[in-house]
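Participant: Quick one: sequence and predicted model below, then my questions.
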Amino acid sequence: MQATTLGYPRIGRARDLKRALESFWSGERSEADLEATASRLRATARDTQRAAGLDVVPCGDFSLYDHVLDTALAVGIVPERFAGLTGLRRYFAMARGEKGGAAPLEMTKWFDTNYHHLVPELVRGQRFQLSDAAQLLSYREASAGGVARPVLLGPVTLLHLSKAPGFDPLDLLDGLLPVYANLLRVLKSAGADWVQIDEPVLALDANERLQAALRRTYDALAFEQRPKLLLTSYFAPLGDNLDLVATLPVEGVHLDLVHGAADLQPALAKIPADKVLSLGVVDGRNVWRCDLRRALTTIRTVADRRDASRLLVAPSCSLLHVPVSLGREHRLDPELKSWLAFADEKLGEIATLSKGAVYGAGAIEQELRVSDLVVACRAASSRVRNETIRARVRSFDAKSWKRKSYDARATAQRATLALPLLPTTTIGSFPQTDDIRQARAAHRRGTLDTAGYDQAMRDAVAYAVAAQEDIGLDVLVHGEPERNDMVEFFGEQLDGFAVTEAGWVQSYGSRCVKPPILFGDVQRRNAMTVDLAVYAQSLSKKPVKGMLTGPVTILKWSFVRDDQPLEATCRQIAVAIRDEVIDLERAGLRVVQVDEAALREALPLEASQRANFLRWAVESFRIATGGVGDATQIHTHMCYAEFSDIMAAIEALDADVISIEAARSDMSILSSVAGHRLNEVGPGVYDIHSPRVPDEAELAGLIRTAVRSYAPERVWVNPDCGLKTRAWRDVDPALRALVAAAKTVRAELAQ
Ligand SMILES: CN1c2c(nc(N)[nH]c2=O)NC[C@@H]1CNc1ccc(C(=O)N[C@@H](CCC(=O)N[C@@H](CCC(=O)N[C@@H](CCC(=O)O)C(=O)O)C(=O)O)C(=O)O)cc1
Ligand SMILES: N[C@@H](CCS)C(=O)O
Ligand SMILES: [Zn+2]
């Protein structure tokens, strides 16, 4: 029995990677500095995992930006437009774009997580070649001090996640497999005994096309001179893919026994006994301490039937999705803290379980007792349940969210808002400048008092409103300066949530989030956003949008309690947001946006669970937004473009206006939107994830595409997402170009 992980957080304890990347991009630090930080981070990850008692440590799980991009580069998938570039310049151009340069790769969510990966671009007749030695180097680096297992993204998942205009990416599999075979040979000759090959497509519902590709792949890779393969999938049960997995010619299989506990018995029956099983019993997606006794029972069930030398104890998935260490949390309530385990604490749990499995429960008696106590205390804690909240939440039913028809609402809204055709707006946030962040940091440290901080935020709002007036936007926002993050900000104010000091998790590249911890019943104590929204509205005659995060997004981007169905938790958040929407309307705001940026990402991977999820997700949104009058215009926003499969649910949200990401994919989302009654739609025309500043002609072209596929009187013009990551020097010209482009197309339509 050996203890292992599938991957470790890359960003470092103090977000060292973020700082190293951003200073490299700004030209302050050299490539050598960046590589030195990366190498130090990999060494620290290895040392930490070994010191925690892990027997096998993964390598190659580190990435400077994204592991899907790394894999694409390793096999030579480089779009033609980057052909003139090499090395890190090419790498980051593909990841983020360059000013005045080619557009970067698209970015999308890694399965149902808040981690974004880049989308490799394939062409017909795509040639592959082994072109990057990163895996080999990381293996050499890691194996110097102990047993290391290289991690590779599998060929089927790589192709499945890639863009292949007009053809099936899996058609290219035969050309790709020899490159993987070469890579495996190289790793073998460097000494790698095992390679972890991640094929999370196996968490998707079984389909013949993927299954055939997986069969073809692992048959082709079943040659003698290669390392043994540990095939992993995670985030959902293998389900109907289990029969396939059980018969693939690989030497080991990982099971996510947290999200796929139902796989265990069939896996034991079907996976041949001579294969290694990796038992993912520690939750790699959430922050609750593992119920060690329960996990040990699971491991024992397997150990009773299998040779222990062929078992691994592991987290359910890579630890990429949880913060690094609880060691940096000094302000968390001690009771709540005692319930938690971040990545480093999870390493300890894995090592303990492996010890308990080898030497018996007696060898970990102390740890089991503490774990039992935590489980019992959490279940009995008065912090978790509040009957008053529960009674109030139960009182909301379909009557509470019924609004009049869109047509009736639109008439009322047109009368009060008096907007032009193709109204222009933004998604909510304006640049989080150094001044804003420093004011917040000073306030946190106690060197700026609350009055001073509030004034700094009001100044930022005034600046944003004046800028929007000057630029000529039609519906304004206050700019969200007071929000460290669109979810954490609400987590700080709602009962039932706790926030961390340093619980950072990578979202994309150098960008991180600090998901709040939703541990108990949720309610709103006080108005959370009304003051600044009212202040912003007082500065302009144009309508200002109140700005809130929706219940599904708050739920999805928090670490959520696992002691009740998500539906019940989401409803509680919905009622709290409803109170805020109503307060904004009462305070005079005529437009309120309730972002559901995470709705698509929250869609369960298993098709059988989707309808139920979509029902309660839609109900939650409608509870949140259904308390206002007809003339109040409800906007929502989603910054994840893959939603052709949830269009009916998006329609059922019945928002008056929805803004959606579209720019990086050349408005291809419009083909899904057309044919649906989505009321009014704002397909994003400005890709805010890139430092590129779009020009007016490019934006006008995208707006023309939009009005060709959707009735012009229902089209809005806006960026893809919030502007918090950009600088005013870029935002200002980009939004001026956006307003000018809207005017140009408006004039064309009037002819
Ligand atoms: C829309 N997106 C979001 C997602 N998930 C969320 N939870 N929130 C989102 O907005 N998922 C999908 C996308 C992902 N997009 C982004 C975009 C931008 C960021 C980002 O910029 N993150 C920031 C961190 C934001 C934050 O919390 N800032 C704090 C400052 C924290 C800080 O740096 N503190 C310093 C201390 C400073 C001092 O004391 O001197 C420190 O801790 O060292 C704030 O504003 O107060 C980032 O920098 O990565 C994320 C996702
Ligand atoms: N209102 C938020 C939405 C991001 S998804 C923002 O503008 O940053
Ligand atoms: Zn967004």
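Facilitator: Alright, I've got the coordinates. Ligands and ions are numbered 1, 2, ... in the order given.
Participant: CA atoms for contacts and neighbours, from now on please.
Facilitator: Noted.
Participant: quick one: terminal-to-terminal distance for stretch 421-435?
Facilitator: Separation of the first and last residues of stretch 421-435 by CA to CA, to the nearest Å is 36 Å.
Participant: pLDDT weak spots in this structure?
Facilitator: Along the chain, the parts satisfying pLDDT under 70 run over 641, 664.
Participant: Residue numbers of it in contact with ligand 1?
Facilitator: Counting by CA under 6 Å from any ligand atom, the residues of the chain close to ligand 1 are 114, 437, 440-441, 484-487, 507, 510-513, 557, 725.
Participant: And the residue of the stretch 301-450 of the chain closest to ligand 3?
Facilitator: The nearest approach of the stretch 301-450 of the chain to ligand 3 comes at residue 427, 7.1 Å away (CA to the ion).
Participant: Now the phi/psi pair for that residue, please.
Facilitator: Dihedral angles of residue 427 (phi, psi; degrees, to the nearest 10) stand at phi -90, psi -10.
Participant: Number the residues from 609 up from this point.
Facilitator: Yes, from this point I'll number from 609; that puts the last item at residue 1035.
Participant: got the phi/psi numbers for the closest residue to it other than its chain neighbours?
Facilitator: Spatially, and ignoring its direct neighbours in sequence, residue 1035 is nearest to residue 1330 (4.9 Å; CA to CA, 6 or more residues apart in numbering). Main-chain torsions, residue 1330, degrees, to the nearest 10: phi -70, psi 160.
Participant: Contacts only, for the residue nearest the centre of the chain.
Facilitator: For the chain, the residue nearest the mean C-alpha position is residue 722 (0.9 Å; CA atoms, centre = their mean). Residues near residue 722 by CA atoms under 8 Å, 6 or more residues apart in numbering: 1115, 1165, 1209.
Participant: which SS class is it?
Facilitator: coil (DSSP: H, G, I helix; E, B strand; the rest coil).
Participant: quick one, phi/psi of it?
Facilitator: Here is the backbone geometry of residue 722 (degrees, to the nearest 10): phi -90, psi 10.
Participant: Which stretches in the stretch 709-858 of the chain count as strands?
Facilitator: Counting by DSSP state E, counting those that start in this stretch, one finds strands in the stretch 709-858 of the chain at the ranges 714-717, 724-727, 756-761, 802-806, 836-840.
Participant: Which single residue of the stretch 609-758 of the chain ends up nearest ligand 2?
Facilitator: When scored by CA to the nearest ligand atom, the stretch 609-758 of the chain has residue 722 as its residue closest to ligand 2, at 11.5 Å.
Participant: got the residues of the protein near ligand 2?
Facilitator: Checking the chain against ligand 2 by CA under 6 Å from any ligand atom, the hits are 1035-1037, 1205, 1247, 1329-1330, 1332.
Participant: Just among these, which is most surrounded?
Facilitator: Within the residues of the chain next to ligand 2, residue 1035 tops the neighbour count with 28 neighbours, counted by other CA atoms under 10 Å.
Participant: residues in contact with whichever residue of the stretch 1059-1208 of the chain sits closest to ligand 3?
Facilitator: Nearest to ligand 3, among the residues of the stretch 1059-1208 of the chain, is residue 1205, at 5.5 Å (CA to the ion). Residues near residue 1205 by CA under 8 Å, 6+ apart: 1161, 1245-1248.
Participant: Around ligand 3, pick out the residues from this structure.
Facilitator: The chain comes close to ligand 3 at residues 1247, 1329, as judged by CA under 5 Å from the ion.
Participant: Could you rerun that using 6 Å?
Facilitator: For the chain, the residues in contact with ligand 3 (CA under 6 Å from the ion) are 1205, 1246-1247, 1329-1330.
Participant: ok, which stretches of the stretch 1109-1258 of the chain are strands?
Facilitator: Using DSSP E, counting those that start in this stretch, the strands of the stretch 1109-1258 of the chain run over 1113-1116, 1119-1121, 1125-1132, 1152-1157, 1167-1168, 1199-1203, 1241-1246.
Participant: Tell me the one among the contacts of residue 1205 nearest to residue 770.
Facilitator: residue 1248 (15.8 Å; CA to CA).
Participant: Around the closest residue to the residue of the stretch 1059-1208 of the chain closest to ligand 3 other than its chain neighbours, how many other residues sit close by?
Facilitator: Closest residue in space to residue 1205, ignoring its immediate chain neighbours: residue 1246 at 3.9 Å, by CA to CA, 6+ apart. A total of 23 residues lie near residue 1246 under the criterion other CA under 10 Å.
Participant: Please apply the same query to residue 695.
Facilitator: If we define neighbours as other CA under 10 Å, then residue 695 has 8 of them.
Participant: Identify the residues contacting the nearest residue to residue 1088 once chain neighbours are set aside.
Facilitator: The shortest distance from residue 1088 to any non-neighbouring residue, by CA to CA, 6+ apart, is to residue 1037 (4.9 Å). Listed by CA under 8 Å, 6+ apart, the contact partners of residue 1037 are 1085-1089, 1330-1332.
Participant: Please enumerate the helices of the stretch 1259-1359 of the chain.
Facilitator: Counting by DSSP state H, counting those that start in this stretch, the stretch 1259-1359 of the chain has helices at residues 1278-1281, 1304-1317, 1336-1358.
Participant: need those in JSON lines with distance to residue 819, can you?
Facilitator: Listed next are those as JSON lines, based on distance: least, CA to CA, whole Å:
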{"stretch": "helix 1278-1281", "distance to residue 819": "27"}
{"stretch": "helix 1304-1317", "distance to residue 819": "36"}
{"stretch": "helix 1336-1358", "distance to residue 819": "45"}
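Participant: Make CSV out of these and add mean neighbour count.
Facilitator: Shown next, in CSV, are the helices of the stretch 1259-1359 of the chain (neighbours: other CA atoms under 10 Å):
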stretch, mean neighbour count
helix 1278-1281, 17
helix 1304-1317, 19
helix 1336-1358, 18
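Participant: Pick out the residue in the stretch 859-1008 of the chain sitting closest to ligand 2.
Facilitator: For the stretch 859-1008 of the chain, CA to the nearest ligand atom, closest residue to ligand 2: residue 929, 18.9 Å.
Participant: can you check the chain too?
Facilitator: Relative to ligand 2, the nearest point of the chain is residue 1330 (3.0 Å; CA to the nearest ligand atom).
Participant: Please tell me I have it right and that residue contacts residue 1085.
Facilitator: No. Taking contacts as CA atoms under 8 Å, residue 1330 lies outside contact range of residue 1085: 10.6 Å.
Participant: rewinding a little: now the residue of the stretch 909-1058 of the chain closest to ligand 3: how far from residue 1296?
Facilitator: Distance, residue 1035 to residue 1296, by CA to CA: 11 Å.
Participant: shared neighbours of these two, anything?
Facilitator: Counting by CA under 8 Å, 6+ apart, the residues touching both residue 1035 and residue 1296 are 1327-1331.
Participant: for those residues, which one is nearest residue 734?
Facilitator: Among those, and counting by CA to CA, the member closest to residue 734 is residue 1328, at 30.1 Å.
Participant: Which strand residues bridge the residue nearest to the closest one when sequence neighbours are not counted?
Facilitator: Nearest non-adjacent residue to residue 1328, counting by CA to CA, 6+ apart: residue 1292, 3.8 Å away. Taking DSSP bridges as the rule, residue 1292 bridges to residue 1326.
Participant: if I pick residue 1292, what's in contact with it?
Facilitator: Contact analysis of residue 1292 by CA under 8 Å, 6+ apart lists 1267-1271, 1275, 1325-1329.
Participant: And residue 1169, by the same measure?
Facilitator: By CA under 8 Å, 6+ apart, residue 1169 lies in contact with 1125-1128.
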